[in-house]
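Undergrad: from the sequence below, what's the structure:
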Amino acid sequence: MTRLLIAFISLTLLVISPVSAKDLKFAVAKFYGAFFDQSGLGCQDAASQLTGVECIYLGPEISSVRLQDKVIEDLIEQGIDGIAVAITQSKFLAENSLRKAKAAGIPVITYDSDFDGPTLAEHQDLRRAYIGTDNFAFGVALGEQLKKLRPNGGSLIIQTGRPDSPNLNLRIMGVRSALSGKTYLNPPGERLHNDNGWTEIREPFSNFDQLNQAVKQMESVMKGKPIKADSFIAVGGWPQNDEALYRKMITPYKEKLDSKEVVVIISDAAPPQISMLQDHLAHTNIGQSPYEMGRQAIFTLHKIVSDQAFEQVVYTPIKLCTPQNADTCTKASSE
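TA: Okay, here's the model as predicted:
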């Protein structure tokens, strides 16, 4: 029997490499955190269903493309069988560690965050498949929910992680498309200026995956100082990823939330986020399926190294969570 070792690396990387005639190794990586830890669990559960397969979940403690690149290089040197990676910076990874993986004959797939369009066009055979959220559709869902909560339009501030993150820019473009009704050629689209009644007060906040910064940025919106807006969308879960910090920040503004003076929509629906939603500390969470991303990444890598047919794109489900359905909205994706 073939023994397969799969490693998940939380910046996000999944790796497969031949160790011996009887061993295969897969890895997944980006950086450690609540979201990617779920992908690690999915990876490990999928590996347990495959004969002779092991999942390795690895990654640096913080979001850093250079640290992610180093983790991938280390895995290549160890002779990994396949890699699933959540892309932080397309060009840098494509021209460094993932180029080396290709030269070593190690198949690479992406999950959660794919390469951006120009990098894919230049390196068409660099990755074999993408597993994860349809990020443009995810952004549309965020925008459509805001339209329901504030049907007459309003003023908006968007929060993102890195301004060069391909998946997050697709989400921003989806938000802008849903609100404006326009079609944009390239992510992240164009800042809204009285489009269908919607105006972005400023360019999106970038928190660079720093949770303290994410909370401070959101607090400035809740205060209305120095910039006043009546709507806030985070295209990732950053402000809520430290539950204690978020609760401390948002509680003084509970009346603003209850009256919808400020509408708050945040991505992801981890258990602590659902708890905060049940306490009416946000209006909507739209959840992804990181556990399923990890499962499908391992199954896909296994098919690739076993010369089986595989899907080049696998979109995982999203879930709309509100205080009214918070008890059940994520149940199906967690079973």
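
Undergrad: how long is stretch 86-102 from one end to the other?
TA: End-to-end distance for stretch 86-102: 16 Å, by Cα to Cα, to the nearest Å.

Undergrad: what comes up buried for it?
TA: For stretch 86-102, a neighbour-count test (16 or more other Cβ atoms under 10 Å) marks 86-94, 96-98, 101-102 as buried. Just so you know, the C-beta spots here come from the backbone N, C-alpha and C atoms, and that holds for glycine as well.

Undergrad: likewise for stretch 36-48?
TA: 36-44, 46-47.

Undergrad: which one of the residues you listed is nearest residue 319?
TA: If you rank those by distance to residue 319 using Cβ to Cβ, residue 38 comes first, at 13.3 Å.

Undergrad: so that closest one sits in a strand?
TA: No - secondary structure assignment (DSSP: H, G, I helix; E, B strand; the rest coil) places residue 38 in helix, not in a strand.

Undergrad: that one contacts residue 291, correct?
TA: Yes - at 4.6 Å, residue 38 counts as touching residue 291 under the criterion of Cβ atoms under 8 Å.

Undergrad: so who does residue 128 touch?
TA: Counting by Cβ atoms under 8 Å, 6 or more residues apart in numbering, residue 128 touches 107-109, 300, 304, 310, 312.

Undergrad: got the phi and psi for it?
TA: phi -90, psi -30 (degrees, to the nearest 10).

Undergrad: tell me the pLDDT of it.
TA: Looking at residue 128, its pLDDT is 95.

Undergrad: returning to that earlier point: could you dump the buried residues of stretch 36-48 to CSV with distance to residue 170?
TA: Compiled in CSV, these are given as follows (distance: Cβ to Cβ, whole Å):
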residue, distance to residue 170
36, 19
37, 23
38, 21
39, 19
40, 24
41, 25
42, 22
43, 24
44, 28
46, 26
47, 29
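
Undergrad: ok, so of those, who is nearest residue 150?
TA: Of these, the one sitting nearest to residue 150 (Cβ to Cβ) turns out to be residue 38, at 30.8 Å.

Undergrad: once you drop chain neighbours, what's closest to the closest one?
TA: Using Cβ to Cβ, 6 or more residues apart in numbering and skipping residues adjacent in sequence, the residue nearest residue 38 is residue 290, 3.9 Å away.

Undergrad: what of residue 203?
TA: According to Cβ to Cβ, 6+ apart, the nearest residue to residue 203 is residue 191 (6.3 Å).

Undergrad: who's the closest spatial neighbour of the residue nearest in space to the middle of the chain, skipping the chain neighbours?
TA: A centroid search over the chain (Cα atoms, centre = their mean) returns residue 112, at 4.9 Å, as the residue closest to the centre. Once flanking residues are discounted, residue 112 sits nearest to residue 86: 4.0 Å by Cβ to Cβ, 6+ apart.

Undergrad: got the contact list for the residue nearest to residue 38?
TA: 35-36, 38-39, 42, 112.

Undergrad: looking at these, which is nearest residue 237?
TA: Using Cβ to Cβ, these come closest to residue 237 at residue 35, 6.5 Å.

Undergrad: wait, residue 43 touches residue 53, no?
TA: No - with contact defined as Cβ under 8 Å, residue 43 does not reach residue 53; the gap is 9.9 Å.

Undergrad: nearest to residue 145 among the buried residues of stretch 36-48?
TA: Out of the buried residues of stretch 36-48, the member with the shortest distance to residue 145 (by Cβ to Cβ) is residue 38, at 22.4 Å.

Undergrad: how far away is the closest one from residue 158?
TA: According to Cβ to Cβ, to the nearest Å, residue 38 and residue 158 sit 24 Å apart.

Undergrad: list phi and psi for residue 195.
TA: The phi/psi pair for residue 195 (degrees, to the nearest 10) is phi -90, psi 110.
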